[in-house]
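>>> what follows is a predicted structure for the sequence shown.
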Amino acid sequence: MKLNRKTGKFILLTGFNILISILAVGQYEDLGTVKAKVDYANNLREWDGFGVNYVQTAHTRNYNDFPQEYGGFSILNQKQKNEIIEMIFGADGLKPGIVKMFLDPLHQKEKGGAYDHETTTKYMFEFFDLGLTKTREWGGELSVITTLYSPPAYMTKQKTLRGRDIDPDHKEDIAFYMIDWAKYLKSKEYPLKYISLHNEGEDWRRWPVQGNYANFDHGHDYNLYWRPEEVAEFLDFMPGLMKEHGLDDVGLTPGECSRWFQFYYSGYAQHILDNPNSLKNLSLITSHNFYRLLPGGHRWFAGTSNIGTDMIRKEKPDLHAWVTSASWGNMDVDFAWQIWMNIYLAKVNAYIPWVVIKRPTHWKSDDPNPNTAILVSEDSTYKVLPGYNVYKHFTRAGQPGMGVAYTECMDSEVQLLGFSSNDTNNSDAFIVVNVNNWVAYRSDAVDINLNGINYTFSNQDPLYNLYREENQRDKYKNINTKSIRTEKGYLLEVIFPLKQINLSPKGGRPLNIEIKVKDGAYALAGEIRWAEGGPFVLSTGYDSYEYSIHYNPTKSDFEGILETDWVNTKEYMIKEKSHPNTKDSFSATWEACYDTENLYFLIDITDDSNLQARKVKIDLNGTKYKSFKAIRSIDNIESYKEIGTYAVEGGSITYEAPSRSITTFTGIE
């Protein structure tokens with residue numbers, strides 16, 4: 001036996017065999033715990049707050065003919081309004097710091113005519129008045145930004161409401177339209193901070209290319225096309241007029257493109273930079289950011305590019321930027337992810353989503369942004385939607401005057417947001433968002449075989465369309481499904497039209513059923529099967545077949561995962577293992593019912609492999625707090641629930657973030 005000093009290995013020769021032994025094997029680092037950091041000593045920028053928006057009019061051409069009231073306050077009683085105001089502005093509510101108000105085009109009919117700032121704004125003002133009073137009750141304050149939706153018809157070249165182009169002879173009239181409105185808000189002692197020139201004014205494609213038609217008939221709200229040079233011109237001359245009318249303390253913004261990408265790519269940032277007075281007079285950068293995960297070059301592509309903001313900040317480093325409208329998405333963790341992207345990638349100082357309360361029937365045509373925090377129905381009731389609790393995680397953690405703290409994390413599926421106290425009376429806070437898709441890591445599948453015809457569904461793509469062969473898709477075109485996550489796995493509900501599977505609601509034809517549930521749709525890790533009895537018959541409930549599916553007249557529409565519709569159905573356990581590697585923890589049940597149109601199945605799967613929690617060790621630098629209170633939401637499972645207090649040990653907190661969860665940690669003295 002000999003030590004080779006160059007390799008550090010013993011070499012032992014025995015006959016024809018050579019054995020190499022490693023003297024020492026280093027310990028591998030365990031990466032099961034995700035490393036992360038919030039540095040409260042490193043503020044990236046000042047935070048101006050989260051905001052809310054109430055829209056009263058968006059489409060109406062004549063308020064007497066159609067008194068549009070999209071926000072919904074007009075059909076609620078005072079008790080309901082007070083409840084909503086408490087939820088939004090109260091000490092235990094969202095606690096926004098900013099309110100956005102639109103200036104619609106119906107405040108003046110002709111040049112030199114009287115301004116009417118009340119007819120189309122009554123309920124928007126009521127919302128704000130109640131909100132401001134409630135905010136000041138707990139010692140808070142609001143800031144107002146007002147945006148020109150579009151000007152009166154006579155100020156456009158087309159001389160029609162929602163005309164596309166600014167009439168050059170009426171540029172000052174447009175400026176005075178905004179100025180008189182601002183003076184009116186100030187006369188009401190509203191804390192107005194900014195005037196914004198336009199609403200998504202970069203999108204020239206909302207009109208015919210000739211510009212000869214207002215295009216009101218496709219559900220578009222009030223708009224006006226603002227060319228980049230026109231924005232720069234208004235930033236040049238309008239602030240002087242504002243000062244002449246006593247608005248020295250009100251700033252001017254360049255309007256609001258539909259997304260940050262357009263603020264840069266359509267030339268607005270560069271035109272501002274090319275005009276020294278425009279750059280000098282610019283008080284705040286504003287834009288919407290209706291994020292869409294689409295290829296670059298697609299008309300609705302919207303990343304979180306901040307190139308235009310960066311260009312301007314090179315010349316004015318302290319200039320703030322606000323997102324003034326954005327989608328609520330599906331009111332889930334992905335909505336939270338969009339907020340993170342705007343704060344850390346677009347580098348904004350404030351965030352305001354699209355309306356916080358809405359009455360959908362008062363949007364002309366289909367509402368392109370159907371989700372919100374509070375939904376008002378035509379029967380004069382309201383409903384709190386999941387978006388409310390998702391947004392609440394952020395609005396309460398990031399109060400005005402706080403700082404955006406530096407964060408880092410080794411796992412891109414865990415987003416970390418930090419808000420430092422920054423010498424305010426607010427506590428240091430941080431938010432952990434686990435965007436891990438519960439089905440992306442491990443997609444499962446369910447086979448339902450009816451009289452020898454097999455149908456396959458996946459919890460990731462319920463109708464399996466991403467992977468189904470083209471000639472198989474017609475087989476599924478009338479079938480409807482929904483998959484939803486549960487605490488133990490997921491539910492899959494499937495609706496088969498009776499005609500499609502050759503059944504009649506009057507019964508008669510037997511139905512043989514076999515169900516398989518697969519652990520891993522594409523890389524099989526286990527499978528369980530039910531084929532224990534039958535054939536089944538469709539039963540009206542008064543007969544006594546051993547295997548029967550009962551009539552359920554309450555289930556006339558497919559709405560997806562409604563427990564009340566399944567209370568009187570028989571549950572069958574799926575337990576036969578049909579794959580050698582099936583885990584004991586993998587199990588399922590199924591049940592079925594029918595009505596005059598459809599046959600319904602509900603499969604309840606228990607599969608812990610789909611619940612991809614992330615154990616995160618978060619180093620906390622620069623905070624005085626020794627413990628943090630935690631509040632958590634989990635998509636479809638848990639909403640804004642306090643889960644306890646976490647102590648800072650050795651400068652860090654270790655936390656296991658469930659899949660698709662948002663958890664807010666707030667410092668405790």
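Right, received. Where do you want to start? Numbering: from 1, shown residues only.
>>> from now on I want contacts and neighbour counts done on CA atoms only, so please keep to that.
Will do.
>>> test my guess that I431 contacts G667.
No: I431 is beyond contact range of G667, at 11.6 Å (criterion: CA atoms under 8 Å).
>>> quick one: which of those two has more around it?
I431 (25 against 22; other CA atoms under 10 Å).
>>> quick check: bridge partners of the spatially closest residue to that one that is not a sequence neighbour?
Distances taken as CA to CA, 6 or more residues apart in numbering place T664 nearest to I431, at 4.4 Å, with adjacent residues excluded. In this entry, T664 is beta-bridged to I431, I631, by DSSP bridges.
>>> do the same with R45
Judged by DSSP bridges, the bridge partners of R45 are V404.
>>> for N281, see how far away it is.
21 Å (CA to CA, to the nearest Å).
>>> now P658
In this view, P658 and N281 are 47 Å apart by CA to CA.
>>> equivalent analysis for M573, please.
70 Å.
>>> likewise for K499?
Distance, K499 to N281, by CA to CA: 68 Å.
>>> same check, this time on R313
Distance, R313 to N281, using CA to CA: 14 Å.
>>> in terms of contact, does D604 touch Y490 like I think?
Yes: using CA under 8 Å, D604 is in contact with Y490, at 6.3 Å.
>>> more crowded one of those two?
D604 (25 against 22).
>>> can I take it that that one is in a strand?
Yes: under DSSP: H, G, I helix; E, B strand; the rest coil, D604 falls within a strand.
>>> tell me what it is bridged to.
In this entry, D604 is beta-bridged to L491, T589, by DSSP bridges.
>>> what sits against it?
Going by CA atoms under 8 Å, 6 or more residues apart in numbering, D604 touches 489-492, 588-590.
>>> confidence score at the nearest residue to L142 once chain neighbours are set aside?
Spatial nearest neighbour of L142, excluding adjacent residues (CA to CA, 6+ apart): G97 at 4.8 Å. If you check G97, the pLDDT there is 98.
>>> what do you get for T540?
pLDDT, T540: 68.
>>> what of the one 10 residues further on?
At H550, the predicted lDDT confidence score is 84.
>>> try the one 10 residues further on
According to the per-residue confidence, G560 scores 52 in pLDDT.
>>> then S609?
pLDDT at S609 comes out at 66.
>>> measure the residue nearest to the spatial centre of the chain to N369 for me?
Geometric centre of the chain, nearest residue: F335, 2.5 Å, by CA atoms, centre = their mean. Applying CA to CA, one obtains 13 Å for the distance of F335 from N369.
>>> what is in contact with those two at once?
The contact lists of F335 and N369 share 327-329, where a contact means CA under 8 Å, 6+ apart.
>>> most surrounded residue in those?
Of the shared contacts of F335 and N369, with other CA under 10 Å as the count, W328 tops at 27 neighbours.
>>> quick one: the helices in this structure?
With helices called from DSSP state H, the chain shows them at 78-89, 122-137, 171-187, 228-244, 260-265, 268-274, 276-281, 307-315, 333-344, 386-397.
>>> tell me which of these lies nearest to Y115.
helix 171-187 (8.0 Å; CA to CA).
>>> which one of K499 and N281 has more residues nearby?
Comparing K499 with N281 by other CA under 10 Å, the one with more neighbours is N281, at 20 against 12.
>>> grab the nearest non-local neighbour of that one.
Excluding its sequence neighbours, the residue lying closest to N281 (CA to CA, 6+ apart) is L235, at 6.2 Å.
>>> kindly report the same for K615.
In space, not counting the residues next to it along the chain, K615 is nearest to E656; the distance is 4.0 Å by CA to CA, 6+ apart.
>>> separation between that neighbour and D39?
With CA to CA as the criterion, E656 and D39 are 20 Å apart.
>>> contacting residues around stretch 196-203?
145-150, 223-228, 231, 252-258, 262, 266, 286, 288.
>>> for the buried ones among those residues, write the corresponding ChimeraX selection.
Buried members of the contacts of stretch 196-203 can be picked out in ChimeraX with the line below, counting by 16 or more other CA atoms under 10 Å:
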select :145,146,147,148,149,150,223,224,225,226,227,228,231,252,253,254,255,256,257,258,262,266,286,288
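>>> out of the contacts of stretch 196-203, name the ones that lie in strands.
Among the contacts of stretch 196-203, DSSP state E puts 145-148, 252-253, 286, 288 in strands.
>>> greatest separation within those residues: which pair is it?
Greatest spatial distance in these: L252 and H288, 16.1 Å, computed using CA to CA.
>>> low pLDDT regions in the chain?
Applying pLDDT under 70 to the chain picks out residues 1-26, 217-219, 292-303, 437-443, 459-473, 507-508, 521-524, 540-545, 554-565, 609-612.
>>> still on that earlier bit, PyMOL command to pick out the buried ones of the contacts of D604?
A single PyMOL command selects the buried members of these (16+ other CA under 10 Å):
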select buried, resi 489+490+491+492+588+589+590
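>>> what's the closest of the contacts of D604 to N478?
Using CA to CA, the contacts of D604 come closest to N478 at L492, 16.6 Å.
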